[in-house]
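Q: Sequence plus predicted model, see below.
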Amino acid sequence: MGSLVSVDPRHPTPVYVQLEHGLRAAIATGRLMPGDQLPTVRQMAVDLRLNANTVARVYLELERTGLVETRRGVGTFVTDAPASPKKSSRDPELRALARRCLDEAAARGFAAADLLRALQLLADQQGG
């Protein structure tokens, strides 16, 4: 799992946000497939040198949004398909991310079309 998700304690982004984004990215890009089991909270905490409560918080948030499900006594698994209503609740977050990308591109002299082409190229390379 170390190569699947990583966190940098020196980065200004809180480690729980880094872990959540890393797991979301792994699911979105297919590195974690529906039915795949996540490491236990304790194992993930040991692997990433995090507090177990931090990992548990991330797992709970991912479960709340429908990306994973916890089966008592068995483990935490990637769900087949995230629930759509919960997914749409993150639209403002996605729009804010897109706005930051557009602003950064414009500050560097790129047009929105340039950014879209680059994003499409990256998406094609990742197979999605």
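A: Here it is on my side, so go on.

Q: For R24, give me its contacts.
A: For R24, the contact set (C-beta atoms under 8 Å, 6 or more residues apart in numbering) comprises 62, 67. Using the backbone N, CA and C atoms, a C-beta is placed for each residue, glycine as well.

Q: what's the pLDDT at it?
A: As predicted, R24 sits at a pLDDT of 92.

Q: What of Q126?
A: For Q126, the model assigns a pLDDT of 73.

Q: Likewise for L62?
A: In this prediction L62 is given a pLDDT of 95.

Q: Now it. Nearest residue, chain neighbours left out?
A: V68 (4.6 Å; C-beta to C-beta, 6 or more residues apart in numbering).

Q: And the chain, split by domain according to the record?
A: Here the domain parsing of the chain from automatic domain parsing is 15-81, 90-126.

Q: end to end, how far does the shortest one reach?
A: Distances were taken as C-alpha to C-alpha, to the nearest Å; on that basis the terminal residues of domain 90-126 are 22 Å apart.

Q: just stretch 69-78 next, same as before
A: Distance across stretch 69-78, first residue to last, is 6 Å (C-alpha to C-alpha).

Q: Would you mind listing the outside residues contacting it?
A: Here stretch 69-78 has contacts from 27, 32-38, 40-41, 59, 63, 67-68, 79, using C-beta under 8 Å, 6+ apart.

Q: Whichever of these end up buried, select them in ChimeraX.
A: Selection of buried members from the contacts of stretch 69-78 for ChimeraX, criterion 16 or more other C-beta atoms under 10 Å:
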select :27,32,38,41,59,67,68,79
